[in-house]
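Student: the sequence isn't on hand, but the structure is:
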């Protein structure tokens, strides 16, 4: 395995970066130490990303396979059009959280991380309406509140920014997870290749989208 992204070429020097998968941004001490050891050994530069991961850059292409073998970790992104990550707030460790959504996020991460989708897709999970981690700019969002869960869809923080639509609120965690399943099923069946979820919602209409994905919830 030699997953790596070519970085900027300066004076003909080609360097690469890798990003190990760190579920929800929660990393074990052992894995953190591995990353530090790799960066030191291969003269890497560490960058904390907006996606709650640690990027190791300034690497040589010929070292990538050995680095991945030594890390013993999975790459954060395997293919472009897939679920790239599930971002989570501290939830159970935060005084503002209304529900420990770390468990909710991990359930979604185990089910959807790396899943092939019509376009690159991100999921955000938060334990209160502050929605730390910019959940409303994610393709799919799950937010806990005092009265139940909120599920949003269609957000984007990229070149064409879009605020997510609220699909349902005041529902249980189980209903929220089922609703996310429905959203992905509908999106993957009817979206065009390369079509972001937000653009798909705009094309079919938000009310039509809500009706389709909310059945049996």
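Tutor: Yep, that arrived. Remember, predicted model here, so these are calculated numbers, not experimental data. Numbering: from 1, shown residues only.
Student: residue boundaries of the helices in the protein?
Tutor: 29-41, 64-71, 102-112, 173-190, 197-204, 206-213 (DSSP state H).
Student: so for residue 51, which of those helices sits nearest?
Tutor: Residue 51 sits nearest to helix 102-112 of all the helices of the chain, at 12.3 Å, using CB to CB. C-beta here means a position set from N, CA and C on the backbone, and glycine is covered the same way.
Student: domain map for this structure?
Tutor: Per the record, the chain has its domains at 5-71, 83-213, by automatic domain parsing.
Student: please identify the most buried of those domains.
Tutor: domain 83-213 (a mean of 19; mean count of other CB atoms under 10 Å).
Student: centre of the chain to that domain, how far?
Tutor: 10 Å (CA atoms, centre = their mean, to the nearest Å).
Student: helices and strands around the lowest-mean-pLDDT helix or strand in the chain, which ones?
Tutor: The helix or strand of the chain with the poorest confidence is strand 5-6; it has a mean of 86 (mean pLDDT, DSSP states H and E). Contacts defined by 3 or more CB pairs under 8 Å, 6 or more residues apart in numbering; DSSP states H and E place strand 5-6 against strand 16-18.
Student: quick one: strands adjacent to the strand it packs on?
Tutor: strand 5-6 (antiparallel), strand 54-59 (antiparallel) (DSSP bridges).
Student: tell me the angle the last one makes with helix 29-41.
Tutor: With axes from the mean of the first three to the mean of the last three CA atoms, to 10 degrees defining the directions, strand 54-59 sits at 20 degrees from helix 29-41.
Student: centre of the chain to strand 54-59, how far?
Tutor: Worked out by CA atoms, centre = their mean, strand 54-59 lies 19 Å from the chain centre.
Student: figure out which of the domains of the chain is closest to residue 77.
Tutor: Of the domains of the chain, nearest to residue 77 by CB to CB is domain 83-213, at 5.3 Å.
Student: measure that closest one end to end?
Tutor: End-to-end distance of domain 83-213 (CA to CA, to the nearest Å): 19 Å.
Student: got any ranges where the chain has weak pLDDT?
Tutor: Scanning the chain for pLDDT under 70 picks out 1.
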